[in-house]
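Trainee: this is a predicted model, with the sequence first.
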Amino acid sequence: MLTLAGVSRSFGGVYAVRDVDLDVADGELRGIIGPNGAGKSTLFNVIGGQLAADSGTVTFGGTRIDRLPPHRRAALGIAVVFQGARIFRGMTALENVMVGAHASFDSGFLSAVLRLPRHFRAERAIRSRAVECLERTGLADWADRPAEALPLGQQRALQVARALCGQPKLLLLDEPASGLRAAERERLSVLIGQLHVDGLTMLLVEHDVGFVMRLVDRVTVLDLGAVIADGTAAEVRADPKVVAAYLGKTSEVTT
Ligand SMILES: Nc1ncnc2c1ncn2[C@@H]1O[C@H](COP(=O)(O)OP(=O)(O)OP(=O)(O)O)[C@@H](O)[C@H]1O
């Protein structure tokens, strides 16, 4: 479904991502790990379109996407959950999720302004889809609460719900577990596991190695921008290159 071939991106002459090849199959949950500064976020942003690659190609569902802006990639079915709790304050949880659906509905600006029936039909459809997404992420009881009143774990789930509301084919998650307490982490892990069972293709970039290893089908390990290992959790854990990359760094491969 997603293929990267020879993707590189540098900042000021220093490679953040270097000659990366990556193949994510339909329905796969792929983890991307690596020590601090390994290039995980840069790679994530190159796939989502927030950063342009200097060279290489990114193909999604057979279409070259590496020159497309983020909104065009979103329209093709790539949804992104960024680092940190990016919620719309002053809006309810339900409204936050509804925002995620607007990209995939074309009710048109003019009909919205003129309040045409088509616009109302679209709004109703968006609302009911958003309610489903809240239910799917365990947030139904929070629907009418201001988004900022939700605990951090629920705010993360809300970001996932918003992404799901656009009915993506590929969900990109950048460090979704960061800052969460153990119980919240566990709930998020169950949610991602359930989406995987439902068949959603996901790419999980995460600092917390243990969180990734328990969840994913395959793990890709980056170090200094390059892929140093790719395989099942057990294969990657036993790889001397991976152990060496993590030695003396703040993250522990065994956590
Ligand atoms: N906008 C930028 N400008 C300059 N250098 C950058 C920029 N973004 C990333 N880098 C550099 O690119 C390298 C990879 O950074 P990146 O944030 O992708 O790594 P990471 O694996 O996500 O790290 P972390 O786990 O600490 O978030 C680092 O050396 C970083 O300093």
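Mentor: On my side now, so go ahead.
Trainee: and whichever residue of the stretch 101-250 of the chain sits closest to the ligand, what is it in contact with?
Mentor: Residue of the stretch 101-250 of the chain nearest the ligand, by CB to the nearest ligand atom: residue 207 (5.2 Å). For the C-beta atoms, the positions are set from N, CA and C on the backbone; glycine is no exception. Residues in contact with residue 207 (CB atoms under 8 Å, 6 or more residues apart in numbering) are 33, 40, 175, 177, 178, 251.
Trainee: which ones among the residues you listed are found in helices?
Mentor: residue 40 (DSSP state H).
Trainee: most surrounded residue in the contacts of residue 207?
Mentor: The most crowded member of the contacts of residue 207, judged by other CB atoms under 10 Å, is residue 33 (29 neighbours).
Trainee: show me the helices in the protein, by range?
Mentor: 40-48, 70-76, 93-99, 109-114, 117-136, 152-165, 182-197, 209-215, 233-237, 240-246.
Trainee: columns mean pLDDT and distance to residue 54 on top of those, output as CSV?
Mentor: Supplementary listing: the helices of the chain in CSV, determined by pLDDT from 0 to 100; distance: least, CB to CB, whole Å:
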stretch, mean pLDDT, distance to residue 54
helix 40-48, 96, 9
helix 70-76, 93, 18
helix 93-99, 92, 32
helix 109-114, 56, 36
helix 117-136, 85, 36
helix 152-165, 95, 27
helix 182-197, 96, 31
helix 209-215, 91, 27
helix 233-237, 92, 27
helix 240-246, 89, 23
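Trainee: closest one to residue 84 among the ones you listed?
Mentor: helix 152-165 (9.2 Å; CB to CB).
Trainee: may I have the closest one exported as CSV, CA atoms only?
Mentor: Extracted C-alpha coordinates of helix 152-165, given in CSV (Å, rounded to 0.1, in the frame of the first residue of the first chain):
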residue,chain,number,x,y,z
LEU,A,152,-4.7,13.6,28.0
GLY,A,153,-5.4,9.9,27.2
GLN,A,154,-8.8,10.8,25.9
GLN,A,155,-7.4,13.8,24.0
ARG,A,156,-5.1,11.4,22.2
ALA,A,157,-8.1,9.0,21.4
LEU,A,158,-9.9,12.1,20.2
GLN,A,159,-7.2,12.8,17.7
VAL,A,160,-7.5,9.2,16.5
ALA,A,161,-11.3,9.6,16.2
ARG,A,162,-10.8,12.8,14.2
ALA,A,163,-8.4,11.0,11.8
LEU,A,164,-10.8,8.0,11.5
CYS,A,165,-13.7,10.4,10.6
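Trainee: neighbouring contacts of that helix?
Mentor: With CB under 8 Å, 6+ apart as the test, helix 152-165 has contacts from 79-82, 85-87, 93, 96-101, 126, 129-130, 133-134, 136-139, 142, 147, 150, 171, 173, 176, 179-181, 183-185, 187-188, 191, 195.
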